[in-house]
Structures are given as structure tokens and as C-alpha cells.
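Asker: here is a sequence with its predicted model. Questions after.
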There are 2 protein chains.
Amino acid sequence: MAGPIDYYFDFASPYGYFASHRIDEIAARYGRTVNWHPFLIGVAFKLTGQKPLVEQTSMRAEYFPHDWLRIGRRFGVPFTMPQGFPHAAVAPSRAFYWLLDRDPELAKRFAKRIYHAYFGEGREFTAPDMVADEAAALGVARDEVLAALNDQTVKDRLKAEVETAIDRKVFGSPTFYVDGEMFWGHDRLEEVEDWLKRGGW
Amino acid sequence: MAGPIDYYFDFASPYGYFASHRIDEIAARYGRTVNWHPFLIGVAFKLTGQKPLVEQTSMRAEYFPHDWLRIGRRFGVPFTMPQGFPHAAVAPSRAFYWLLDRDPELAKRFAKRIYHAYFGEGREFTAPDMVADEAAALGVARDEVLAALNDQTVKDRLKAEVETAIDRKVFGSPTFYVDGEMFWGHDRLEEVEDWLKRGGW
């Protein structure tokens, strides 16, 4: 049962960002690897009737930025609210899967760069140029990235990944699957670790 | 700024139940006391458009019982899903505030008994008899409890407490206020502790 952990996240999710700083290390402590799966949470929200955290009633919306600042501080992770948050993470997600098929480790490094640009520095990522720049910083040819973002095969690949997430009942970001058991939320990493320690129910 | 912590909870909230086992101890470690405030989360849900966790789309509803069992196991807190969950916590909440005005410590012990009966043993608490029995086990006269549950002053008292919670933007259970800063969720007790440790931003 010591298979890889599946880590589902939206690039526009603050809690997914915080988890990206911790999940690989937790998994490694128990001899596990992690498969990263960016997806588009908006598709799940349409099915569950949820709304983005900052678009909810003001009673809820005012709360979350406090939570993000506190969590960033506690875990020593830089946090800058991107102006116009949240953005649709289509471009970086497509680029991720295109990279994944070439070099899984490179794809993960790219994901970390994107998350850092977005939530560490507050730079938004909808423009293909920005996504290409981040990939180029890792040695990937800019024009190949730009071509991939418009490639129907790549588009379909992301679509299929989002559908798989929905089929697995992923309704929030981040979500983790460990041995078929689902965990939702950055705040459930302690539960993930407890599960890994016990080895099951 | 070392004032008491305000702990808002619904007696029908599993996460409120888990927090009831931990909040006083965390506060005491930093020289703080805790004021317990049962409220009715349904009133907040009407304002925020949220639904009870088990009445949401099946995609979400299936998840939560897993989470509760795992958390109970991790913290060594017995958890039994009450049949017909969730129940409206009007009767025990009224009894709590009636007791609070007589003896705050007794009210807290009563709250713990109610939570244990509901989530520890799975017994529902809408019947006045059950609420009176739990109070009687602490030495309170049954007939006085039963009378209090129908007392307009007591009814108004609970109503006012719920309104105060809403005014303070409490949209979920449990919610904690520490030095004017709001924390939502049993999973934010670590954040509460971090705040107490740092003494502010």
C-alpha cells in the first residue's frame, strides 16, 4: 500500500500554495513520493455550488486574508495577495502537464516557480508570456512553451486531468489521496502524516 | 491584551466538539481563560448561504465523516455519529445560558456533558428531558431546568447571544476570538496557539 500520494491543487489556491511547501517532505519521511496534479477548482465549484473564498458573502470573505497571512507567518512561507485574485490557472496548468510528459521533476520545479511568482510575489499568471518566462528560467525554450499553450493535445490533457479530479470527488484545493483515502485542506497535512504513520485505519 | 478568549460553538458541530477538548488547555498555557458561547450556526448559514456539511452535494457530504473519525482518533476523542445528525441545539443552548448566570464553571461542565452525550455517545439532545437529565447529573433540579427551557427570558437570552455572534461575523463552528482577531475551525487551534505565543501580529 506504499504507493505515491496524489496531490491535487489549483495554482490560484493559497492553501494549495502553502501545501506545496510541505507535502513532498512529509511524504519522504514515510518513504512515499508525491504526484502533483494541478486542476481547475472552478469546475468543482460549479458542481458543489461553492464560491471562491473571496467572492463569498463579506462575512466570510473578510476572514480569509487574515488566515493566509497568519499561516504564511507560522510556516515561514512568503505570502503576497496577487492583485485581482483569484485568476484562472489555465495557462500554467497546461504548461505543467506539457512539461510533465517530458520531465516530471522539471514540471514540479516549474509548479513551485509559478506558485512563488503568484503568492510569493503577487504576480498574476494568466498571460502566456509570464508562463513562458518562468519555464524559460528553467531552461525550456520560450517558443516551445508558447506553442504548447495553444496545442489542442495539451488543452485536452488538462481537461482530462480536471475530469479525473472531479471523478475522484476532489471538491477543494489542496486535496490529497493516500492509499485511496481522501484528505482536504492544507490544514489536513497533520492528518495525512498521522495516516502515513499508522499505515491505515 | 491578555483578555479572555471567546469560543463560539454549536452543540451540533463535530469540529466544535473536538475544540471543546482542547481550547481551555491551550489558553491556560498562556495564562488565558476561555468564555464559552454556544450559538446556533443555522442562523449564520442563512446569512452566508452555506449548508450543513452533511446536507451539501454528495461530493462534499461523503467526505466529512471520514474527517471526523480521523480527527477523533488522532486526538483520542471518542466520536459516534448521532443518528439523524445534525440536530438543532436550541434546548441545550438555552440551558447553558441559564446555568451560566448561576455558575459559569457548572455551565462549562454541562456543555462538556452535552457534547459527550451527542458526539461521544451519539445521543440526540432536542428533547427537554434529555437536557434536564444531563443537568440533573450535575446536581441541578430537573424541574427548574425544564421550567428554564420554556422561560421567555432564557429564550431571549439565547437569541441575543446568537445575534452577538452574527454581529461578530462568526460564520462557522468553532470560532475563536483572541485579542480581537478571529480564528475559524478546530484546525486553527494551532494558529490560536501561535498567536498567543507571539502576542499579536
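Answerer: Done, it's in.

Asker: when you work out contacts or count neighbours from here on, use the C-alpha atoms and nothing else.
Answerer: OK.

Asker: any chance you could map the helices in chain A?
Answerer: Applying DSSP state H to chain A gives helices spanning A:14-20, A:23-29, A:41-48, A:58-61, A:63-75, A:90-100, A:104-115, A:128-136, A:142-149, A:152-167, A:189-198.

Asker: mind checking which of those is nearest B:Ala12?
Answerer: helix A:58-61 (20.5 Å; CA to CA).

Asker: possible to save the helices of chain A as TSV with mean pLDDT, mean neighbour count and distance to B:Leu149?
Answerer: Supplementary listing: those in TSV, determined by pLDDT from 0 to 100; neighbours: other CA atoms under 10 Å in any protein chain shown; distance: least, CA to CA, whole Å:
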stretch	mean pLDDT	mean neighbour count	distance to B:Leu149
helix A:14-20	98	24	43
helix A:23-29	98	16	49
helix A:41-48	82	17	38
helix A:58-61	79	14	31
helix A:63-75	96	16	34
helix A:90-100	98	24	55
helix A:104-115	98	19	54
helix A:128-136	98	20	62
helix A:142-149	98	17	64
helix A:152-167	96	16	46
helix A:189-198	97	16	40
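
Asker: dump those into CSV; add distance to chain B as well.
Answerer: Compiled in CSV, the helices of chain A are given as follows (distance: least, CA to the nearest CA, whole Å):
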stretch, distance to chain B
helix A:14-20, 13
helix A:23-29, 17
helix A:41-48, 6
helix A:58-61, 5
helix A:63-75, 7
helix A:90-100, 23
helix A:104-115, 23
helix A:128-136, 32
helix A:142-149, 31
helix A:152-167, 9
helix A:189-198, 7
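
Asker: export these to JSON lines and tack on distance to B:Arg74?
Answerer: What follows is the helices of chain A, written out as JSON lines (distance: least, CA to CA, whole Å):
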{"stretch": "helix A:14-20", "distance to B:Arg74": "20"}
{"stretch": "helix A:23-29", "distance to B:Arg74": "17"}
{"stretch": "helix A:41-48", "distance to B:Arg74": "28"}
{"stretch": "helix A:58-61", "distance to B:Arg74": "28"}
{"stretch": "helix A:63-75", "distance to B:Arg74": "22"}
{"stretch": "helix A:90-100", "distance to B:Arg74": "35"}
{"stretch": "helix A:104-115", "distance to B:Arg74": "31"}
{"stretch": "helix A:128-136", "distance to B:Arg74": "40"}
{"stretch": "helix A:142-149", "distance to B:Arg74": "44"}
{"stretch": "helix A:152-167", "distance to B:Arg74": "27"}
{"stretch": "helix A:189-198", "distance to B:Arg74": "7"}
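
Asker: wait, which of those is closest to B:Phe11?
Answerer: helix A:58-61 (21.1 Å).

Asker: ok, the residue nearest to A:Ser93 when sequence neighbours are not counted - contacts?
Answerer: Spatial nearest neighbour of A:Ser93, excluding adjacent residues (CA to CA, 6 or more residues apart in numbering or on different chains): A:Pro38 at 5.9 Å. When contacts are counted by CA atoms under 8 Å, 6 or more residues apart in numbering or on different chains, A:Pro38 touches A:Tyr8, A:Phe9, A:Asp10, A:Phe11, A:Ser93, A:Phe96.

Asker: so what does the third one look like in phi/psi?
Answerer: In terms of degrees, to the nearest 10, the main-chain angles of A:Asp10 are phi -100, psi 140.

Asker: what's near enough to touch it?
Answerer: A:Asp10 sits in contact with A:Gly16, A:Pro38, A:Phe39, A:Leu40, A:Ile41, A:Ala89, A:Ser173, A:Pro174, where contact means CA under 8 Å, 6+ apart.

Asker: and it, what pLDDT?
Answerer: On the pLDDT scale, A:Asp10 is placed at 98.

Asker: any idea how far chain B is from it?
Answerer: Between A:Asp10 and chain B the distance, using CA to the nearest CA, to the nearest Å, works out to 18 Å.

Asker: I'd say A:Ala44 and A:Asp167 touch.
Answerer: No: checked against CA atoms under 8 Å, the pair A:Ala44 and A:Asp167 is beyond contact range at 10.0 Å.
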